[in-house]
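Trainee: Based on what follows, work out the 3D shape:
(chains A, B and C, ligands or ions: 2)
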Amino acid sequence: MGEIKLMKGNEALAEAMIREGCDAYFGYPITPQSEVLEYLSIDAHKRTGMVVLQSESEVSAINMVYGAAAAGKRVMTTSSSPGMSLMQEGISYIASAELPCVLANVMRGGPGLGTIQPSQGDYFQSVKGGGHGDYHMIVLAPSSVQEMVNYVGLGFELAEKYRTPVMLLADGAIGQMMEKVELPDQKPRKTVFPDWATTGKIAGKPRRYITSLNIKPEEMEKINHILQNKYAEITKNEVRYVTKNIEDAEYIFTGFGLGARICTKAMEIAREKGYKVGMIRPQTVWPFPTEIYNKTSKNLKGILCVEMNAGQMVEDVKLSVNGQCPVEFYGRTGGMLPSPDEIIEKFEECFIKGGK
Amino acid sequence: MSNFNSDIISPENLVYKKPSTLTDTPLHYCPGCGHGTVHKLLMEVIEEMGIQNDTIGVAPVGCSVFAYHYMDVDMQEAAHGRACAVATGIKRCFPERYVFTYQGDGDLAAIGTAETIHAANRGENILTIFINNGIYGMTSGQMAPTTLEGMVTTTSPHGRNVKEQGYPLKISDLIAPLPGVAYVTRQSVHKPANVRKLKKAIKQGLEYQKKGLGYCMIEVVSNCPSNLKISALEANKFVENEMLPFYPLGDIKVPEVK
Amino acid sequence: MTEEAIFAGFGGQGVLSMGMMLAYAGMIENKEVCWMPSYGPEMRGGTANCTIIVSDKPVSSPIVSTYDSVVALNQPSLEKFESKVKPGGVIIIEKSTVPVLPTRTDITTYVVNGNEEALKLKNLKVLNMIILGAFLAARKTVSPENLVKALYKALPERHHKLIPLNEEAIRIGMNFIK
Ligand SMILES: Cc1ncc(C[n+]2csc(CCOP(=O)(O)OP(=O)(O)O)c2C)c(N)n1
Ligand code: SF4
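Mentor: Ligands and ions are numbered 1, 2, ... in the order given. Modelled structure (predicted):
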């Protein structure tokens, strides 16, 4: 058993970063995730020697990540929605150059400057590729402070296995709330670096270079094929999700992150009221757990997807269900949170009173 | 209400009056914060110059992002750091209007450095009011590019270590030599005499703009009592004793022809 | 056992830290806990609240529609949360800051003379511990001993000398509930 602590999501994320042997963190303050940089500024460097640097903007933070990742280091940045938007160019370059790194978006309500309250409005941006070009990141959706911790380690593992950026898609509530967490033991920082990393030319070996440029279209298409094959591989191997009560379920509530936690509460209330409701919660929103939705929906009377946005993941749910059962949506936007009662009300309106 | 006031306060005894160019919305700034004073001065000048309807302001993200609630002129809110680019867009389309930006140090000298320097270098005919409080106010006290050496903030909890975190940036001195820049001055609001000087400088800046002399910047050395976790009075002492030795007051560049 | 509570009041009254201490105490009792604050610049002098859930089971959602108990340290908080108390639930209010009492009859209201007692202890900052004492007596969510243990665990060493005063405050608060 690791050390148990009561921690804020943002602080737990930062602590996990230190313990997972992260070499460098670059970030810029933005509410509701500034605690990450603040926490690391206290003594992370003293504890493991890791680099902690406040950049002058998110544009520079993500490019610092590019540099450190291309030099083979374990590197992270975190931000919240408006800052993540600024990072999209860099992420596209990182994906194209196949650089491992972990990013976290502690989402807040948008669009624009919006609000600092929690939201899930950046699902499309994260999952469908917010920057230019055909790329994906692995997107993990933590729904608890514990998962904020676990996904840092998992994130680095996947990032390094597939040479790809990994995103933790959290929200302001998970960043700000405190829960009990079990922390991993301190891991040593890496001492060996991958062959491709530009750590300085090794005598007698060819120089290495990192680029996302390939001016000849036939060459660039080859790069695209390599990326797409990798994405197919990830889709085959890395889908993660949790289900609850789906064995006898007539209905499914679904959502990711905090939305899924609220759904769980709503499911408990629905069960008390005698409705056979189950839950599916994707832990990876890319790759999306298409299979489980497809398989379960054959025997369902309906699915209610709940998100803290105007309806984003629900599109992937519908694609997965492929018309086998009705899929309805309930969401709140702009930093407002759906409540369990509202979910029940929507559920009864869609599936019970309407008699669908 | 105004009748009532004039009943008891005869005009010659009036000590303080809110300019008509400020709205009735109460300011949300913390007690003792310099933002309120600068808002009032800027709006007084606009009132006195009679340019309320000819002025367009830009306030990007920072504690003053809600300036549009208070300043009774047409205003635009801009993304963090982008005020000078937004103002360029306005001024190029409306060269006859007075255009100002109102920016914090994080906004102007960290994330918005490129926009600031290039607007200055293009000689955009705009006035930038630059509030240097040495800290990120809105996001609760992180290090700003202007944070002094050794100063404690939430992201420099052991004091700013210039070897690791860079040196405090005197952006006004940096842009002053650019040929597109007409006027750069550094003022403060920590004492009544300084408040009066700042007001003059703002007027000066807008007059230069009218003449089309180029980019003007007024740096205001200000404070942030809330995030320094000190009283308003102590914050003004901090300005006097810590900030001003590093950020000395006075004109840094004035136009040659008047 | 599951307690879903919300503590609300003005920023500066210590509602957030009071919730945090309850969460710490819950953790000491090996319970599952979740503390979720309101956050942001509106907290400067504005209203603040936190949801605290202490349970024997894993906490499903930090967002709930109704509460077992509400602590209101100002009038706007009472107005906002009175209707969200579950029937049979509890409201605890501070006498001097909440002049207008709840109107619901299907819940129990406790009025705690917190500010006056804090004044007697010559430290207004212990208001939150007086209220938390009353809360524990009314709800028995955790034991007062474990709350004191939580103070030792959560507060930095340099504040430990203030803990006996806080213990006193907790005890005074508990005496309000009969
Ligand atoms: C792209 C982006 N990154 C970060 C933020 C968060 N943010 C808001 S204001 C601010 C800095 C405020 O400091 P400053 O410009 O010095 O103004 P002050 O609040 O001190 O007046 C930051 C980092 C944001 N809104 N947008
Ligand atoms: S936080 Fe600082 S800069 Fe912002 S209003 Fe308060 S004192 Fe002024």
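
Trainee: what's the burial count for the closest residue to ligand 2 within the stretch 51-200 of chain A?
Mentor: Nearest residue of the stretch 51-200 of chain A to ligand 2: A:Ile116, at 14.2 Å (CB to the nearest ligand atom). C-beta: built from backbone N, CA, C; applies to glycine. If you count neighbours by other CB atoms under 10 Å in any protein chain shown, A:Ile116 ends up with 23.

Trainee: Next up, phi/psi of the closest residue to it other than its chain neighbours, please.
Mentor: Nearest residue to A:Ile116 in three dimensions, chain neighbours excluded: A:Thr31, at 4.4 Å (CB to CB, 6 or more residues apart in numbering or on different chains). Dihedral angles phi and psi of A:Thr31 (degrees, to the nearest 10) take the values phi -70, psi 140.

Trainee: isn't A:Thr31 right next to C:Gly40, touching?
Mentor: Yes. If you go by CB atoms under 8 Å, A:Thr31 and C:Gly40 touch, sitting 6.6 Å apart.

Trainee: Okay, now the unreliable bits of chain B?
Mentor: The model of chain B has pLDDT under 70 over residues B:1-8, B:257-258.

Trainee: Alongside chain A, which residues does it contribute?
Mentor: B:61, B:65, B:77, B:79-81, B:106, B:110-111, B:113, B:136, B:138-140, B:142-143, B:145, B:154-157, B:164-165 (CB under 8 Å from any CB of the partner chain).

Trainee: just the helices in chain C please.
Mentor: C:15-28, C:75-81, C:114-120, C:127-139, C:144-154, C:163-175 (DSSP state H).

Trainee: Please, which helix or strand holds the closest residue to B:Met75 other than its chain neighbours?
Mentor: Leaving aside its sequence neighbours, B:Met75 sits nearest to B:Tyr68 (CB to CB, 6+ apart; 3.8 Å). Per DSSP states H and E, B:Tyr68 falls inside helix B:67-70.

Trainee: hmm, who's touching that helix?
Mentor: With contact meaning CB atoms under 8 Å, 6 or more residues apart in numbering or on different chains, helix B:67-70 is reached by B:22-23, B:25, B:27, B:39, B:43, B:57, B:59, B:75-77, B:102.

Trainee: again with stretch B:107-122
Mentor: By CB under 8 Å, 6+ apart, stretch B:107-122 touches A:28, A:56-59, B:60-62, B:80-85, B:87-88, B:103, B:126, B:128, B:130, B:144-146, B:169, B:171, B:174-175, B:178-181, B:215, B:217.

Trainee: which other residues reach the helix or strand just after the helix holding B:Tyr68?
Mentor: Sequence-wise, the next helix or strand downstream of helix B:67-70 (DSSP H and E) is strand B:74-78. For strand B:74-78, the external contacting residues (CB under 8 Å, 6+ apart) are A:113, B:55-61, B:65, B:67-68, B:85-86, B:90, B:101.

Trainee: Mind listing the strands strand B:74-78 pairs with, and their directions?
Mentor: Strand B:74-78 has the following strand partners under DSSP bridges: strand B:55-60 (parallel).

Trainee: wait, does the partner strand make contact with ligand 2?
Mentor: No. Counting by CB under 6 Å from any ligand atom, ligand 2 has no neighbours in strand B:55-60; the shortest distance is 13.0 Å.

Trainee: So is that strand next to ligand 1?
Mentor: No. Strand B:55-60 lies out of reach of ligand 1 by CB under 6 Å from any ligand atom, never closer than 7.7 Å.

Trainee: ok, and the closest non-adjacent residue to A:Ile174?
Mentor: Using CB to CB, 6+ apart and skipping the chain neighbours, the partner closest in space to A:Ile174 is A:Gly9 (4.4 Å).

Trainee: and the gap between that neighbour and ligand 1?
Mentor: Look at A:Gly9 and ligand 1: by CB to the nearest ligand atom, to the nearest Å, they are 18 Å apart.

Trainee: Same check on C:Glu116?
Mentor: On the measure of CB to the nearest ligand atom, C:Glu116 and ligand 1 end up 39 Å apart.

Trainee: which non-adjacent residue is nearest that residue?
Mentor: Nearest to C:Glu116 is C:Ser96, by CB to CB, 6+ apart, at 6.9 Å.

Trainee: ok now do that neighbour, which residues does it touch?
Mentor: So C:Ser96 contacts C:113-116 (CB under 8 Å, 6+ apart).

Trainee: possible to save those residues as JSON lines with pLDDT?
Mentor: Listed next are the contacts of C:Ser96 as JSON lines, based on pLDDT from 0 to 100:
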{"residue": "C:Asn113", "pLDDT": "95"}
{"residue": "C:Gly114", "pLDDT": "94"}
{"residue": "C:Asn115", "pLDDT": "95"}
{"residue": "C:Glu116", "pLDDT": "95"}
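
Trainee: nearest to A:Thr243, of those?
Mentor: Taking CB to CB as the measure, A:Thr243 lies nearest C:Gly114 of the contacts of C:Ser96, at 46.7 Å.

Trainee: separation between the closest one and C:Met18?
Mentor: 11 Å (CB to CB, to the nearest Å).

Trainee: For the stretch 101-250 of chain B, what lies in contact range of ligand 1?
Mentor: So far as CB under 6 Å from any ligand atom goes, the stretch 101-250 of chain B lies against ligand 1 at B:104-107, B:131, B:133, B:135-139, B:144.

Trainee: where exactly do the strands run in chain A?
Mentor: Here chain A has its strands, by DSSP state E, at A:3-8, A:24-27, A:51-54, A:75-79, A:101-107, A:138-140, A:165-171, A:178-183, A:241-244, A:251-254, A:277-282, A:284-286, A:302-307, A:327-331.

Trainee: swap that for the stretch 1-150 of chain B, please
Mentor: In the stretch 1-150 of chain B, the strands defined using DSSP state E, counting those that start in this stretch lie at B:55-60, B:74-78, B:98-104, B:127-132, B:135-136, B:142-143.

Trainee: Tell me which residues are up against whichever helix or strand comes after the last one.
Mentor: Tracing the chain C-terminally past strand B:142-143 and defining elements by DSSP H and E, one meets helix B:162-165 next. Residues from elsewhere that reach helix B:162-165, judged by CB under 8 Å, 6+ apart: A:53-54, B:143, B:149, B:156, B:168.

Trainee: Only alpha carbons, please: show helix B:162-165 as PDB.
Mentor: Extracted in PDB, the C-alpha atoms of helix B:162-165 (Å, rounded to 0.1, in the frame of the first residue of the first chain):
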ATOM      1  CA  VAL B 162      16.800  35.200 -11.100                       C
ATOM      2  CA  LYS B 163      19.200  32.400 -12.200                       C
ATOM      3  CA  GLU B 164      16.300  30.000 -12.600                       C
ATOM      4  CA  GLN B 165      13.300  32.200 -13.200                       C
END
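
Trainee: Give the buried residues for that helix.
Mentor: B:Gln165 (16 or more other CB atoms under 10 Å in any protein chain shown).

Trainee: what about the strands of chain A, which gets the closest to chain C?
Mentor: For the strands of chain A, distance to chain C was read as CB to the nearest CB. The smallest value, 4.2 Å, belongs to strand A:178-183.

Trainee: For the closest one, the averaged confidence score.
Mentor: For strand A:178-183, mean pLDDT rounds to 97.

Trainee: Relative to that strand, what are the paired strands and their orientations?
Mentor: In the sheet, strand A:178-183 lines up with strand A:3-8 (antiparallel), strand C:32-37 (antiparallel) (DSSP bridges).

Trainee: With mean neighbour count as new columns, can those strands be given to me in CSV?
Mentor: Output for the strands paired with strand A:178-183, formatted as CSV (neighbours: other CB atoms under 10 Å in any protein chain shown):
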stretch, mean neighbour count
strand A:3-8, 18
strand C:32-37, 24
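
Trainee: Rebuild the ones you listed as JSON lines, extending it with mean pLDDT.
Mentor: Below are the strands paired with strand A:178-183 laid out as JSON lines (pLDDT from 0 to 100):
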{"stretch": "strand A:3-8", "mean pLDDT": "95"}
{"stretch": "strand C:32-37", "mean pLDDT": "97"}
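
Trainee: Mind checking those for the one nearest to B:Gly34?
Mentor: That would be, of those and by CB to CB, strand C:32-37, which comes in at 29.1 Å.
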